[in-house]
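Visitor: here are the coordinates; sequence isn't available:
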């Protein structure tokens, strides 16, 4: 499996959309616009993965898109499609700490699953009742 970090872990526990970062120190010198992988960066990376044998072999097992919370990336559905040109086995990791089924993050996750992506969900006892359980009903 090949894991790719697509998002810089910004404030995922408090908001459905990226506003500021709870891990501010590591990102202090990086402009907010660079906290998320872009589709252009994903295209370059996908081409490199296809051209480097060892990376391509790992990708054929699965590409796991991760980060602090990959659904925070506003381009994530498009990025999944791009990596699906490398392998049909693309998985998105999520902590599923979303405020509602109308959140952009939830809608992105639904779109990804509908386009054939897989969701890898980590369930947490501290988030189960408030965030995770209502989404999975």
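Guide: Okay, I see it. None of these values were measured; they are calculated from a predicted model. Numbers count the residues shown, from 1 in each chain.

Visitor: can we go C-alpha only for contacts and neighbour counts from here?
Guide: Fine.

Visitor: so what's residue 52 up against?
Guide: Residue 52 makes contact with no residue, according to C-alpha atoms under 8 Å, 6 or more residues apart in numbering.

Visitor: give me the distance between it and residue 37.
Guide: For residue 52, the distance to residue 37 (C-alpha to C-alpha, to the nearest Å) stands at 20 Å.

Visitor: ok, residue 82 next?
Guide: 12 Å.

Visitor: one more: residue 7?
Guide: In terms of C-alpha to C-alpha, residue 7 sits 6 Å off from residue 37.

Visitor: need the overlap of contacts for those two.
Guide: Here residue 7 and residue 37 have residue 73 as joint contacts, going by C-alpha under 8 Å, 6+ apart.

Visitor: where exactly do the strands run in the protein?
Guide: Assigned strands in the chain, in chain order: 2-5, 63-66, 90-94, 118-121 (criterion: DSSP state E).

Visitor: quick one: strands adjacent to the second one?
Guide: The strands beside strand 63-66 in its sheet (DSSP bridges) come out as strand 2-5 (parallel), strand 90-94 (parallel).
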